[in-house]
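Q: dropping the sequence and predicted coords here.
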Amino acid sequence: MIRYSVLDLAPIAQGQDATAAFANSRSLAQHAEKLGYHRFWLAEHHNMPGIASAATAVVIGHVAAGTSTIRVGSGGIMLPNHAPLMVAEQFGTLNALFPGRIDLGLGRAPGTDMRTARALRRNLSGEADSFPQDVVELQQWFAPVQPGQPVRAVPGGGMEIPIWLLGSSLYSAQLAAALGLPFAFASHFAPQAMGQALEIYREGFRPSAMLDKPYSMAAMNVFAAETDAEGQRLFTSLQQQFLNLRRGTPGLLPPPAEDVAALQREAEWAGVGRSLSCSAVGSPATVRAGIEAFLAETQVDELMLTGQIFDHEARLRSFSIAAEICRDLAAVKEAA
């Protein structure tokens, strides 16, 4: 049965602040838990006024403390921003607090602009990419502590915390296959290489102690409402946010645009459409058709849904509709 999960960016909507965003994230996670979603992931972004989850491990703790069964994790931690030992300690701490419920998804990008990346003290000297070495080092910090080991992750050593590799290109797909790790593709904002990346991952996969066969996930945007028109109206918040991002002026999540035609006259509109092409938007029937088509195209083991919806109640309703669709699709598949 296909699992379905949630990716949350802890959106800060216009007229709100980070405190409200964190309350909404916990509320959404509690809602998702009741609806049967398998995991709830938060993403690391920096210098983004509309995204509150920069201190991702801290927000994971906040969400996990407000839930009891759903898996909570990162989608992802941008590993080049951090020393692997510090990540091991943070997620070892989370796993000690919430045993068996923590996931660690890792990304290779900085999750921000280059000026902010420098402020994060990343190594930008142009040396060879150390991401593969950092992933392997992080795995070693989670390995059982050896007698006389001079440095250890406390807590962290000896803990079984699932590590995922995330990506929007072929690089992480190749690395996840080589290391025998589960792989998640960021098709909700960068779908261009999705098919090729999933194919490379599956064909190149080498079994590991963690995973004996490939396990893939792909993300898509879902804006579900009672009608197609309402779903499209809700979707304009994300479209406006992407327009602002492409202009280099990221901001708070805006309310839905009442004049969609005016948006569509913007020169950057075609680029926004390409970035958000993996989206199911509209009534339950329309969203179901979109999800079915996406699953048929990707053949993933797990579906991750995200939705930057301005109104929190509308967001909860959208994920309710999506969960009902996913449950029904799973039942149909099981009966076939």
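A: Sure thing, it's come through. What you see is a predicted model, and the numbers here were worked out from it, not measured in a lab.

Q: put the alpha carbons of stretch 27-41 into CSV.
A: Extracted C-alpha coordinates of stretch 27-41, given in CSV (Å, rounded to 0.1, in the frame of the first residue of the first chain):
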residue,chain,number,x,y,z
SER,A,27,-1.9,21.7,14.5
LEU,A,28,-1.4,20.4,11.0
ALA,A,29,0.8,17.5,12.3
GLN,A,30,-1.9,16.5,14.9
HIS,A,31,-4.5,16.7,12.1
ALA,A,32,-2.3,14.6,9.8
GLU,A,33,-1.7,12.0,12.5
LYS,A,34,-5.5,11.5,13.0
LEU,A,35,-5.9,11.2,9.2
GLY,A,36,-3.3,8.4,8.9
TYR,A,37,-0.4,10.3,7.3
HIS,A,38,2.8,8.3,7.8
ARG,A,39,5.3,11.1,8.4
PHE,A,40,5.5,14.8,8.9
TRP,A,41,8.7,16.4,7.6
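
Q: now do the helix or strand hosting residue 24: distance to the chain's middle.
A: Using DSSP states H and E, residue 24 sits in helix 18-35. Chain-centre distance of helix 18-35: 15 Å, with Cα atoms, centre = their mean, to the nearest Å.

Q: repeat for stretch 241-248
A: 19 Å.

Q: could you pull out the buried residues of it?
A: 241, 242, 243, 244, 245, 246 (16 or more other Cβ atoms under 10 Å). To be clear about C-beta, it is placed using only N, CA and C from the backbone, and glycine gets the same treatment.

Q: what about dumping the CA coordinates of it to CSV?
A: The C-alpha trace of stretch 241-248 is given here as CSV (Å, rounded to 0.1, in the frame of the first residue of the first chain):
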residue,chain,number,x,y,z
GLN,A,241,5.3,33.4,-3.5
PHE,A,242,7.2,31.8,-6.3
LEU,A,243,6.9,34.9,-8.5
ASN,A,244,8.5,36.9,-5.6
LEU,A,245,11.2,34.3,-5.1
ARG,A,246,12.1,34.3,-8.8
ARG,A,247,12.4,38.1,-8.6
GLY,A,248,14.8,37.9,-5.6
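
Q: can you list contacts of whichever helix or strand comes after the helix holding residue 24?
A: Using DSSP H and E, the helix or strand that directly follows helix 18-35 along the chain is strand 39-42. The contact list for strand 39-42, computed with Cβ atoms under 8 Å, 6 or more residues apart in numbering, reads 3, 5-10, 25, 28-29, 32-33, 53, 56, 59-60, 63, 67, 70-76, 103, 105, 304.

Q: among the residues you listed, which lie within strands?
A: 3, 5-8, 71-76, 103, 105, 304 (DSSP state E).

Q: verify the stated contact: residue 49 with residue 12.
A: Yes: Residue 49 lies in contact with residue 12 (Cβ atoms under 8 Å); the separation is 6.8 Å.
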